[in-house]
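Engineer: Below: sequence and its predicted model.
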Amino acid sequence: MEELHSEADNIEFLAQSILHAFKDMEVQEGQVLQYSQLYPYLQEHYPKYKDVQKEAEHHLSKSALINPAPDGLMLTQVGARRIYEGK
């Protein structure tokens, strides 16, 4: 695991890890990635995710890539295009 030194770097790395989770789990536009699925993925890829999780989710939400859902994160149309089409 890469050692990151600034909080901004940690937030960006976690945000990218969350997007990778959507892609690896083949979540489509409008679907919710359940926290019960996301947390084990993040624990494996970035064990310190809890330190900046809320900030990373807020960053992705402000970028219109995800929307918060009661039990996870919903992938938006913009998020799906970025993940699957690279736009």
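Structural biologist: Great, that's in hand.
Engineer: switch to C-alpha atoms for all contacts and neighbour counts from now on
Structural biologist: Fine.
Engineer: For the chain, just list every one of the helices.
Structural biologist: 7-24, 35-45, 53-62, 77-85 (DSSP state H).
Engineer: Mind checking those helices for the one nearest to residue 71?
Structural biologist: helix 35-45 (6.1 Å; CA to CA).
Engineer: Who are the packing partners of that closest one?
Structural biologist: helix 7-24, strand 72-75 (3 or more CA pairs under 8 Å, 6 or more residues apart in numbering; DSSP states H and E).
Engineer: which residues touch the most centrally placed residue in the chain?
Structural biologist: For the chain, the residue nearest the mean C-alpha position is residue 18 (2.1 Å; CA atoms, centre = their mean). Applying CA atoms under 8 Å, 6 or more residues apart in numbering, we find residue 18 in contact with 38, 42.
Engineer: again, 10 Å this time
Structural biologist: Listed by CA atoms under 10 Å, 6 or more residues apart in numbering, the contact set of residue 18 reads 12, 24, 33, 38-39, 41-42, 45-46, 49, 53, 56-57, 60, 66, 73.
Engineer: Those, buried ones only, as a PyMOL selection?
Structural biologist: Entered in PyMOL, the line below selects the buried ones among those, by 16 or more other CA atoms under 10 Å:
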select buried, resi 12+33+38+39+41+42+45+46+49+53+56+57+60+66+73
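Engineer: that older thread, can I get the helices of the chain in CSV with mean pLDDT?
Structural biologist: Formatted as CSV, the helices of the chain follow (pLDDT from 0 to 100):
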stretch, mean pLDDT
helix 7-24, 94
helix 35-45, 96
helix 53-62, 96
helix 77-85, 95
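Engineer: Quick check: the gap between the closest residue to residue 34 other than its chain neighbours and residue 30.
Structural biologist: Closest residue to residue 34 apart from its sequence neighbours, by CA to CA, 6 or more residues apart in numbering: residue 72 at 4.2 Å. Residue 72 sits at a distance of 12 Å from residue 30 (criterion: CA to CA, to the nearest Å).
Engineer: Identify the residues contacting stretch 36-44?
Structural biologist: By CA under 10 Å, 6+ apart, stretch 36-44 touches 1, 14, 17-18, 20-22, 24-25, 35, 45-50, 53, 71-73.
Engineer: Quick check: chain neighbours aside, which residue is closest to residue 19?
Structural biologist: Closest to residue 19 by CA to CA, 6+ apart is residue 83, at 7.0 Å.
Engineer: Thank you, goodbye.
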